[in-house]
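Novice: Here's a sequence, model it:
(one chain, ligands or ions: 1)
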Amino acid sequence: MARRLEALELVGVRACLRLHRPEDAAPAYALLAGCDEILRWLVWDGPAAVAELAEHYRHACSSGQGAPDLRLAIVERAGGALAGSLALRFEGHAGLGDVGYWVGLPFQRRGIGGEALLLAAHLAFAHLAADALEARVFVGNEASRRVLERAGFTLSHTSRGTTVKGGVRMREWRFVLLYGEWRRLGEGYRPRVETLRWVSAGEDDRLESAARPLPGG
Ligand SMILES: CC(C)(COP(=O)(O)OP(=O)(O)OC[C@H]1O[C@@H](n2cnc3c(N)ncnc32)[C@H](O)[C@@H]1OP(=O)(O)O)[C@@H](O)C(=O)NCCC(=O)NCCS
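Specialist: Got it, this is the predicted structure:
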């Protein structure tokens, strides 16, 4: 049965993940627009206007076959401010998720990006039945490499990549985390609170989701 995520909140120690809302556009734009320290590491060249981001965030959950594609706000737990953004996509392959993220400069190096990735892995493996997660990182992005490796991802290979930035074709590190590895490593990490509410497409039945049963869980 096709279903759509109506609400999602995963609460960690430093960071929370929830579905983006159009109101996130203004603070996200303030953090991202023209910020080369972030944009140099993204495939995307950044938003041209707040309205572009608002439109993007209006479609925070699109459901195809299998797992949904999600646009998630990274929120600083202490102050409740929007700190960044994380996308979790299952385009074309229900079991293989692709994760991408950024954290605004005022929020970096405080453990927020690292925990957002742990929360995303929990979401993908415990709730969305993912078999594997993948991240594509421009070679040299040591901060991203660090958070991925801390979350259990391993470097699968380096490729020429397909993205051209400033006229240069970017080489990419491909990082992968398999479900079995996540289970082996990640049992120590659980969100403090996890709320997911689904609606079935076509009907308005609300379904509370339970996490995939985990050993000891
Ligand atoms: C990658 C990113 C999301 C990390 O977010 P964050 O909130 O700073 O992450 P954390 O604080 O959890 O951890 C960052 C880690 O990277 C390390 N780090 C940061 N800058 C670094 C650098 N230039 N070289 C090496 N390590 C670096 C930090 O020391 C920390 O590791 P530690 O906890 O072991 O000390 C953030 O740096 C970012 O948005 N970068 C730009 C966009 C981007 O690269 N997105 C990913 C595209 S694949």
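Novice: Name the residues of stretch 39-48 that are buried.
Specialist: Leu39, Trp41, Leu42, Gly46, Pro47 (16 or more other Cβ atoms under 10 Å). Every residue, glycine included, has its C-beta placed from N, CA and C.
Novice: Outside of it itself, list whatever touches it.
Specialist: If you take Cβ atoms under 8 Å, 6 or more residues apart in numbering as the criterion, stretch 39-48 is touched by 28-29, 32-35, 53, 56, 100, 102, 136-138, 141, 144, 163, 165.
Novice: Report the contact partners of Ala51.
Specialist: When contacts are counted by Cβ under 8 Å, 6+ apart, Ala51 touches Ala25.
Novice: What distance do you get for it to Leu119?
Specialist: From Ala51 across to Leu119, the span is 28 Å (Cβ to Cβ, to the nearest Å).
Novice: And the strands in the protein?
Specialist: With DSSP state E applied, the chain shows strands at 3-11, 15-19, 61-62, 69-76, 82-89, 96-103, 132-138, 154-159, 164-165, 168-169, 172-178, 193-200, 206-208, listed in chain order.
Novice: Just give me the closest of the buried residues of stretch 39-48 to the ligand.
Specialist: Nearest to the ligand among those: Trp41, at 3.4 Å, using Cβ to the nearest ligand atom.
Novice: if I look at the closest one, how far off is Val103?
Specialist: Counting by Cβ to Cβ, the gap between Trp41 and Val103 amounts to 11 Å.
Novice: Can you give me the distance of the nearest residue to Glu194 once chain neighbours are set aside to Gly46?
Specialist: Counting by Cβ to Cβ, 6 or more residues apart in numbering, Leu10 is the residue found nearest to Glu194 once chain neighbours are left out, at 5.1 Å. In this structure, Leu10 and Gly46 are separated by 26 Å, where distance is defined by Cβ to Cβ.
Novice: Next: Gly97.
Specialist: If you measure Gly97 against Gly46 using Cβ to Cβ, the figure is 23 Å.
Novice: and what of Arg146?
Specialist: 23 Å.
Novice: For ChimeraX, what selects the buried ones among the contacts of stretch 39-48?
Specialist: To isolate the buried ones among those in ChimeraX, judged by 16+ other Cβ under 10 Å, type:
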select :28,29,32,33,53,56,100,102,136,137,138,141,144
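Novice: what subset of the contacts of stretch 39-48 is also close to the ligand?
Specialist: For the ligand, the contacts drawn from the contacts of stretch 39-48 by Cβ under 6 Å from any ligand atom are Gly100, Trp102, Val137, Asn141, Ser144.
Novice: Give the full set of residues in contact with whatever residue of the chain ends up closest to the ligand.
Specialist: With Cβ to the nearest ligand atom, the shortest gap between the chain and the ligand falls at Gly113, namely 2.2 Å. Gly113 sits next to Ala15, Ile74, Gly84, Tyr101, Val103, Ala143, Val147 when contact means Cβ under 8 Å, 6+ apart.
Novice: Can you list the low-confidence ranges for the chain?
Specialist: 1, 64-65, 186-188, 201-217 (pLDDT under 70).
Novice: Apart from its neighbours in sequence, what residue is nearest the residue nearest the centre of it?
Specialist: The centre of the chain sits closest to Leu86, judged by Cα atoms, centre = their mean, with a distance of 3.3 Å. When the adjacent residues along the chain are set aside, Leu86 lies closest to Tyr101, with 4.1 Å between them (Cβ to Cβ, 6+ apart).
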